[in-house]
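*Asks:* Pasting the sequence and the predicted model now:
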Amino acid sequence: MEALRKPELIVQPCGFCGGCGHGIIQRLIAESLEELNIADKAINCVDIACCFWTIDGLNLDGIAGPHGRMPAVATGIKATRPDDIVYIHAGDGASYTIGIAELTHICLRDVPVTMIVVNNGVFGMTGGQLSPGTTLVGQKTTSTPRGRDKIANGQPGDFLASLSHHDFEFAARGALYSVPEIAKTKKYIKKGFENQIAKKGFSLIEILSACPTNWNMPPVDANKRVEEEMTKVFPLGIFKDRGGKSNG
């Protein structure tokens, strides 16, 4: 039986809230980089939001950019350092609302970068406000205390499915509500790095994650909500794999 160990890349605790999925994702990233023996070439591009904590937690070269603009920042880094492994760790508010133009254009340009979007349905770092692209109809947030109203606030969209119509390498959506789903999600992340090693195009991995603090729910109930409610609007699985059969 293989002994469990902490990835060497994780060097100190982070400020993630209890029950948050960002810490799990950080570990999956670290494990994948170590298993592929590419940690010495990896550059961690984080958005100014909850994922910013990984700059402190991971022993990697890293950069934080303006909110929502990390696809543009990562494009510039990859252009000047094409042999490095450039990845983005960002939230759904940054990626699908504030930075949807930058995300669309990195897809259109098929830049060989790996992007991980954490979808917890709110703007987490700033206090749990409505995230126009992902907050569910009826969901209460600090800016929609009576619940998101379809007429007043619009409705969420499956941006991963929409973006997948463009010609880039790989798109998949995983989740963290169970051990089997975490294992699948790790395969998607690792696939994104493998595509970059092979000099292929852009890989986009969305991950459904609970936000117990801003949802005002215990972690167990928050994970149940991801499984029973979020997956109905944001289905899991591989949306595109230009290179053929995925390891997912």
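*Replies:* That came in fine, so what should we check first? Numbers count the residues shown, from 1 in each chain.

*Asks:* Run through the helices of the chain in chain order.
*Replies:* 22-35, 54-57, 70-80, 92-93, 100-109, 150-153, 159-163, 179-197, 212-215, 219-225, 231-233 (DSSP state H).

*Asks:* Which among those is found nearest to residue 169?
*Replies:* The minimum distance between residue 169 and the helices of the chain falls on helix 179-197, with 5.2 Å, by CB to CB. For the C-beta atoms, the positions are set from N, CA and C on the backbone; glycine is no exception.

*Asks:* Now tell me what touches that closest one from outside.
*Replies:* 24-25, 28-29, 31-33, 35-36, 38, 85-87, 112-116, 169-170, 172-176, 201, 203-205, 207, 236, 238, 243, 246-248 (CB atoms under 8 Å, 6 or more residues apart in numbering).

*Asks:* ok, now which ones touch the spatially most central residue of the chain?
*Replies:* Taking CA atoms, centre = their mean, the centroid of the chain lies closest to residue 117, which sits 2.2 Å from it. Counting by CB under 8 Å, 6+ apart, residue 117 makes contact with 90-92, 95-96, 160, 204-207.

*Asks:* and if you look at residue 200?
*Replies:* Counting by CB under 8 Å, 6+ apart, residue 200 touches 112, 169-170, 242-243.

*Asks:* Just put the residues you listed in TSV and tack on pLDDT.
*Replies:* Output for the contacts of residue 200, formatted as TSV (pLDDT from 0 to 100):
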residue	pLDDT
112	98
169	98
170	98
242	93
243	80
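
*Asks:* If we only consider those residues, which is nearest to residue 68?
*Replies:* Relative to residue 68, the closest of the contacts of residue 200 is residue 112; by CB to CB it sits at 21.0 Å.

*Asks:* Could you identify which of the helices of the chain is most buried?
*Replies:* helix 92-93 (a mean of 30; mean count of other CB atoms under 10 Å).

*Asks:* Run through who's touching it.
*Replies:* Helix 92-93 is touched from outside by 49, 68, 117-124, 131, 133-134, 206, with contacts defined as CB under 8 Å, 6+ apart.

*Asks:* low-scoring stretches of this structure, by residue?
*Replies:* Within the chain, the set of residues satisfying pLDDT under 70 comprises 1-3, 128, 245-248.

*Asks:* Now with 50, please.
*Replies:* 246-248 (pLDDT under 50).

*Asks:* rewinding a little: most neighbours among the contacts of residue 117, which one is it?
*Replies:* residue 91 (33 neighbours; other CB atoms under 10 Å).

*Asks:* Quick check: chain neighbours aside, which residue is closest to that residue?
*Replies:* Using CB to CB, 6 or more residues apart in numbering and skipping residues adjacent in sequence, the residue nearest residue 91 is residue 49, 4.8 Å away.

*Asks:* which residues does the one you found contact?
*Replies:* 67, 90-91, 93-94, 123-126.

*Asks:* Please tell me how far stretch 66-83 is from the chain's geometric centre.
*Replies:* Here stretch 66-83 is found 16 Å from its chain centre; the criterion is CA atoms, centre = their mean, to the nearest Å.

*Asks:* Can I get the helices of the chain in JSON lines including distance to residue 138?
*Replies:* Below are the helices of the chain laid out as JSON lines (distance: least, CB to CB, whole Å):
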{"stretch": "helix 22-35", "distance to residue 138": "25"}
{"stretch": "helix 54-57", "distance to residue 138": "32"}
{"stretch": "helix 70-80", "distance to residue 138": "30"}
{"stretch": "helix 92-93", "distance to residue 138": "18"}
{"stretch": "helix 100-109", "distance to residue 138": "23"}
{"stretch": "helix 150-153", "distance to residue 138": "9"}
{"stretch": "helix 159-163", "distance to residue 138": "20"}
{"stretch": "helix 179-197", "distance to residue 138": "24"}
{"stretch": "helix 212-215", "distance to residue 138": "13"}
{"stretch": "helix 219-225", "distance to residue 138": "12"}
{"stretch": "helix 231-233", "distance to residue 138": "11"}
